[in-house]
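[1] Mind looking at a prediction? Sequence and model below.
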Amino acid sequence: VIPIVRNIISSCIILTFTFCSQFFYIYNASPDSGEFTLSGADNPGIVHKVTSILAKHDLSIDEMETSDEEAPFGGTLLFNMTGTVSAMHPLASGFNVEKIRDELINLGESLNCDIDLEDINTTGKEASAA
């Protein structure tokens, strides 16, 4: 009975170590990060439309803030949204940040908004993408 128990314990330790090692690798992967901004006319579903494009390309939204303000002239309501997104390594085959930017720009044009996605390099400084 003792050898069987020892084998089961040994198997559990190996399984736990393997799982923890893979978990550590996944969550310590170096992400590619970007910052998105939106400014323009408020529209119903605007957050959903933007975040759907980001999710469609397997980008994870790490942070996001929204606000609105009255336009200085005209009294219309302006909507602002900022946030950071990340894509974990390895990037999916066919991942193309320019395609994502184009989709966001086209959405912005259809909603009368300016939408931008900029790369954030590893030193924390932004590199313009537009």
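    Received it, and whenever you're ready, just let me know what you need. Numbering: from 1, shown residues only.

[2] elements contacting the helix or strand in which residue 105 is found?
    Under the criterion of DSSP states H and E, residue 105 resides in helix 97-111. If you count contacts as 3 or more CB pairs under 8 Å, 6 or more residues apart in numbering; DSSP states H and E, helix 97-111 packs onto strand 32-41, helix 46-56, strand 113-120. C-beta here means a position set from N, CA and C on the backbone, and glycine is covered the same way.

[3] as a whole number, average confidence for the shortest one?
    To tie it back to what came earlier, the one meant is strand 113-120. On average, the pLDDT along strand 113-120 is 91.

[4] Using PDB, list the CA coordinates for that strand.
    The C-alpha trace of strand 113-120 is given here as PDB (Å, rounded to 0.1, in the frame of the first residue of the first chain):
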ATOM      1  CA  CYS A 113     -15.400  60.500 -33.600                       C
ATOM      2  CA  ASP A 114     -11.600  60.500 -33.600                       C
ATOM      3  CA  ILE A 115     -10.300  57.100 -32.500                       C
ATOM      4  CA  ASP A 116      -6.600  56.400 -32.200                       C
ATOM      5  CA  LEU A 117      -4.500  53.400 -31.100                       C
ATOM      6  CA  GLU A 118      -0.800  54.000 -30.200                       C
ATOM      7  CA  ASP A 119       2.000  51.600 -29.400                       C
ATOM      8  CA  ILE A 120       3.500  51.900 -25.900                       C
END
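
[5] How about residue 49, nearest residue that isn't a chain neighbour?
    residue 107 (5.9 Å; CB to CB, 6 or more residues apart in numbering).

[6] The one you found is in contact with residue 47, isn't it?
    No: using CB atoms under 8 Å as the test, residue 107 is too far from residue 47 to be in contact (11.8 Å).
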